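>>> Give me coordinates for this.
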Amino acid sequence: MTAQNLTNHYSEYATEESLKNLELRYEKENIFIHAVSQGNRKKCREMLSASNFSFLSEKRVDDPVRNLKNYSIIFNTLLRKAAEHGKVHPFYIDKISSDFAVKIEKLSSIEEGKQLHHDMIDTYCRLVQMHSAKDHSPIIQKLTTRIDADLTADLSLQTQADELGVNASYLSALFKKEVKTTYTDYVNKKRVEYAKQLLTSTNDQIQNIAQQCGILDLNYFSKVFKKYSGVTPMKYRENNR
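Numbering: from 1, shown residues only. So this is what the prediction gives:
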């Protein structure tokens, strides 16, 4: 297509009304992206309920469910980019985005789709609230991501400092300044959080759960778990089954 033909093509498409609608759509999308990047679930839900995303129901194929799936894929991409704007590491975003891609393809009704859109908003906003690193320096962003990526790795401060190429004392001080807790507390809390998930969602032996959380000594695992949860792993499982 020549430059002139391309110009003619867009001139035919770009009526005054269509241009205004397109500009309005992009303006609303940018407002929505900003709300998600701030983890503002209330604002996002209000925008969705007020039909700010009418394109989610536009008809482009005859099958209404397939139509909804196609636009839900676009919505998922919009949310993913919004979370990225909120300084969430791709490590966290990719898993959620992939999970929703599977759920979208499994949709069987319009009502299911509408509920999924609300779930998507809630999940991405929660992700920003939990994992936004906008107030963290690049080195601390990298360190917290490494912790979450593999709790079974050698997460000793010295080892992580060596791998990041910095002094351990400097890393410890910087971590406490930015994350508002000590490095050891942060790692232990992450391990206990994961242990709680495994205790309530699996029948794995506590010894195996301790290993999956990166603690090989069962007695030490029980001690750490009780410190942060107030009860032993066994008691926690009994109370939450």
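
>>> how about the helix or strand containing Val65 as CSV, C-alpha atoms only?
For Val65, the element it lies in under DSSP states H and E is helix 64-85. The C-alpha trace of helix 64-85 is given here as CSV (Å, rounded to 0.1, in the frame of the first residue of the first chain):
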residue,chain,number,x,y,z
PRO,A,64,-21.0,-14.0,21.6
VAL,A,65,-18.8,-16.1,23.9
ARG,A,66,-15.9,-16.2,21.5
ASN,A,67,-16.3,-12.5,21.1
LEU,A,68,-16.1,-12.0,24.8
LYS,A,69,-13.0,-14.3,25.0
ASN,A,70,-11.3,-12.2,22.4
TYR,A,71,-11.9,-9.0,24.2
SER,A,72,-11.0,-10.6,27.6
ILE,A,73,-7.6,-11.4,26.1
ILE,A,74,-7.2,-7.7,25.3
PHE,A,75,-8.4,-6.8,28.9
ASN,A,76,-5.8,-9.2,30.3
THR,A,77,-3.1,-7.5,28.3
LEU,A,78,-4.2,-4.1,29.5
LEU,A,79,-4.1,-5.2,33.1
ARG,A,80,-0.7,-6.9,32.7
LYS,A,81,0.8,-3.7,31.3
ALA,A,82,-0.8,-1.6,34.0
ALA,A,83,0.8,-3.8,36.7
GLU,A,84,4.1,-3.4,34.9
HIS,A,85,3.6,0.4,35.1
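
>>> List of residues touching it?
Residues outside helix 64-85 that contact it (C-beta atoms under 8 Å, 6 or more residues apart in numbering): 29, 32-37, 53, 55-61, 90, 92-93, 96-97, 100-101, 104-105, 107-110, 113, 116-117, 120-121, 124, 127-128. From N, CA and C alone the C-beta is placed, and that goes for glycine too.

>>> any chance you could map the helices in the chain?
With DSSP state H as the criterion, the chain has helices at 3-13, 16-37, 41-49, 64-85, 90-105, 110-131, 138-149, 157-164, 168-179, 183-201, 206-212, 218-229, 233-240.

>>> Adding mean pLDDT, write those out as JSON lines.
Formatted as JSON lines, the helices of the chain follow (pLDDT from 0 to 100):
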{"stretch": "helix 3-13", "mean pLDDT": "53"}
{"stretch": "helix 16-37", "mean pLDDT": "84"}
{"stretch": "helix 41-49", "mean pLDDT": "89"}
{"stretch": "helix 64-85", "mean pLDDT": "92"}
{"stretch": "helix 90-105", "mean pLDDT": "94"}
{"stretch": "helix 110-131", "mean pLDDT": "93"}
{"stretch": "helix 138-149", "mean pLDDT": "92"}
{"stretch": "helix 157-164", "mean pLDDT": "97"}
{"stretch": "helix 168-179", "mean pLDDT": "96"}
{"stretch": "helix 183-201", "mean pLDDT": "96"}
{"stretch": "helix 206-212", "mean pLDDT": "97"}
{"stretch": "helix 218-229", "mean pLDDT": "96"}
{"stretch": "helix 233-240", "mean pLDDT": "95"}
